[in-house]
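Participant: Structural data only, the sequence is not supplied:
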């Protein structure tokens, strides 16, 4: 059955749900309504339709479970939310939502003040998903949790990774008492170059070279990398 061209997506999915008899088509309509209701912040209706989609055998089971987990998080039903995110994590073949589900599990541990578990999960995720689009979000959460529990070594590890790999993030490791080496600076500038953040590179190098020149104990070779970048 084709969706009516003149109908809105909401109307079309409702009509499809009323008239269809095939389970997979019913699942598609219910899932579509679940997403639309979720985006309109009608979470009760969204939950009902995702559950209906699962009942009819949706092929997007991992997405339905992920949305249900989010709905339970927003309602502060953390134990229920964990059940859905754990289903996403266990999905085979691996779900594209797995990283986000694992991050949600870590954030739930944080909300429930299960600090050791939150740190364990975030440290694991930071190591496992280094190339993932969610890696920066993972590191931010890792830093926040470690800092809040005065775990300086863990906090500095996260801060330095953010500083070197995601240099447009405003974090300053030194503000948390973390040491920044010249090698860290080189890695940061390399990432800035790759991102074509030339104005930021020049500002940071000028500040750093001024600081090094003021330090009478600095070895002249330490200036090499930075002066090369500045063309001096």
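Facilitator: Structure received. If you're wondering where the values come from, they're calculated on a predicted model, not measured in any experiment.
Participant: need the contact list for the nearest residue to residue 56 once chain neighbours are set aside.
Facilitator: Among residues not flanking residue 56 along the chain, residue 27 sits closest, at 3.8 Å (C-beta to C-beta, 6 or more residues apart in numbering). The C-beta positions use only the backbone N, C-alpha and C, and glycine is treated the same way. Contact partners of residue 27, counting by C-beta atoms under 8 Å, 6 or more residues apart in numbering, are 52-54, 56-59.
Participant: can you do 6 Å?
Facilitator: 53, 56-58 (C-beta atoms under 6 Å, 6 or more residues apart in numbering).
Participant: Of these - the most surrounded one?
Facilitator: Among those, the one with the most neighbours (other C-beta atoms under 10 Å) is residue 53, at 27 neighbours.
Participant: Look up how far residue 30 lies from that residue.
Facilitator: Going from residue 53 to residue 30 by C-beta to C-beta, to the nearest Å gives 4 Å.
Participant: thinking again about what came up before, which SSE is the residue nearest to residue 56 in?
Facilitator: helix 23-39 (DSSP states H and E).
Participant: residues of that helix that come out buried?
Facilitator: Using 16 or more other C-beta atoms under 10 Å as the test for burial, helix 23-39 gives 26-38.
Participant: would TSV of those with distance to residue 168 be doable?
Facilitator: Listed next are these as TSV, based on distance: C-beta to C-beta, whole Å:
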residue	distance to residue 168
26	46
27	41
28	40
29	42
30	41
31	36
32	36
33	38
34	35
35	31
36	34
37	35
38	30
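Participant: is it possible to export these to a markdown table including pLDDT?
Facilitator: Shown next, in a markdown table, are the buried residues of helix 23-39 (pLDDT from 0 to 100):
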| residue | pLDDT |
| --- | --- |
| 26 | 96 |
| 27 | 96 |
| 28 | 95 |
| 29 | 96 |
| 30 | 97 |
| 31 | 97 |
| 32 | 97 |
| 33 | 97 |
| 34 | 97 |
| 35 | 97 |
| 36 | 97 |
| 37 | 97 |
| 38 | 97 |
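Participant: Now do the helices in the protein.
Facilitator: Here the chain has its helices, by DSSP state H, at 9-19, 23-39, 43-55, 61-74, 78-90, 98-111, 115-128, 135-148, 152-165, 182-194, 198-214, 224-230.
Participant: nearest to residue 172, of those helices?
Facilitator: Residue 172 lies closest to helix 152-165 among the helices of the chain, at 7.7 Å (C-beta to C-beta).
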